[in-house]
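Colleague: Next one to model:
(chains A and B)
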Amino acid sequence: NAGVMQNPRHLVRRRGQEARLRCSPMKGHSHVYWYRQLPEEGLKFMVYLQKENIIDESGMPKERFSAEFPKEGPSILRIQQVVRGDSAAYFCASSQTPVDGREAFFGQGTRLTVV
Amino acid sequence: GESVGLHLPTLSVQEGDNSIINCAYSNSASDYFIWYKQESGKGPQFIIDIRSNMDKRQGQRVTVLLNKTVKHLSLQIAATQPGDSAVYFCAENTGSARQLTFGSGTQLTVLP
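Modeller: Alright, predicted model coming up:
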């Protein structure tokens, strides 16, 4: 059973471009969480999704950021018109039930660099 | 606002010694805490958890202690090994959707 798969592992975008980050949860997991990690900081919650639904997006910036988890395919975190401050590592975690720590598994992250 | 924070950003220990990593939290209503290990270039990996109705929990070479009176959490690693070198985060499970709130991390370096 493959773990949580994120791609790409590294992504470079110029200011103003769009970034698309993908997360394929573990098999059987229908709950996906996205986190952002700035250098030498802890992970910050962004959004929690179940299949086809956004459950909690309280950590998501109001503009330029969006997330989806379609019925088929991976969860996508989309950042439009990227700026330098968007440079960070983006991690997703998946779980079978609403996360309770132990049951959440993290992917290896996508490192976004905006130049 | 509520936060989870760490006392020390870095910790160096000799191989074979015990390590203690500390964490303070401010949300007195928190009822569940987790320690994660993050190696360079990887995602966080679950180590051990503890619920607020406990004050101690032991795993393989790791022990978590919870002091609710002073809102303090610690992770003890016995006989620290080079493979233990990583950043360690404490986190609390919070929010209506039970998202994780992470502290800023402690870099543990094991010296030969």
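
Colleague: Any idea how many residues pack against residue 63?
Modeller: With no chain named, the answer covers chain A. 8 (other CB atoms under 10 Å in any protein chain shown). C-beta here means a position set from N, CA and C on the backbone, and glycine is covered the same way.

Colleague: The chain in question should be chain B.
Modeller: If you count neighbours by other CB under 10 Å, residue B:63 ends up with 17.

Colleague: swap in residue B:39?
Modeller: 14.

Colleague: Quick check: closest non-adjacent residue to it.
Modeller: Once flanking residues are discounted, residue B:39 sits nearest to residue B:86: 4.7 Å by CB to CB, 6 or more residues apart in numbering or on different chains.

Colleague: So what pairs up with the one you found in the strands?
Modeller: Assessed by DSSP bridges, residue B:86 has beta-bridge partners residue B:108.

Colleague: That one against residue B:35, yeah?
Modeller: No: using CB atoms under 8 Å as the test, residue B:86 is too far from residue B:35 to be in contact (11.2 Å).

Colleague: Compare these two (neighbour count), which wins?
Modeller: Shown here are residue B:86 and residue B:35; by other CB under 10 Å, residue B:35 has more neighbours (26 against 21).

Colleague: That one belongs to a helix?
Modeller: No: assigned with DSSP: H, G, I helix; E, B strand; the rest coil, residue B:35 falls outside any helix and is strand.

Colleague: just to revisit the earlier point, pLDDT at the residue nearest to residue B:39, what is it?
Modeller: We have a pLDDT of 95 for residue B:86.

Colleague: again, but for residue A:39
Modeller: Turning to residue A:39, the model gives it a pLDDT of 80.

Colleague: Now it. Nearest residue, chain neighbours left out?
Modeller: residue A:88 (7.7 Å).

Colleague: what sits against the one you found?
Modeller: A:36-39, A:111-112 (CB atoms under 8 Å, 6 or more residues apart in numbering or on different chains).

Colleague: What remains of these if I keep only buried residues?
Modeller: Buried members of the contacts of residue A:88, scored by 16 or more other CB atoms under 10 Å in any protein chain shown, are A:36-37, A:111-112.

Colleague: can you put these in CSV and add distance to chain B?
Modeller: Listed next are the buried ones among the contacts of residue A:88 as CSV, based on distance: CB to the nearest CB, whole Å:
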residue, distance to chain B
A:36, 11
A:37, 8
A:111, 8
A:112, 14
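
Colleague: Let's have those residues in TSV, adding secondary structure.
Modeller: Formatted as TSV, the buried ones among the contacts of residue A:88 follow (three-state DSSP):
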residue	secondary structure
A:36	strand
A:37	strand
A:111	strand
A:112	strand
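
Colleague: Which of these scores worst on pLDDT?
Modeller: Ranked by pLDDT, the buried ones among the contacts of residue A:88 bottom out at residue A:37, which has 92.

Colleague: what stretches of chain B score poorly on pLDDT?
Modeller: Applying pLDDT under 70 to chain B flags residues B:1-8, B:94-98.
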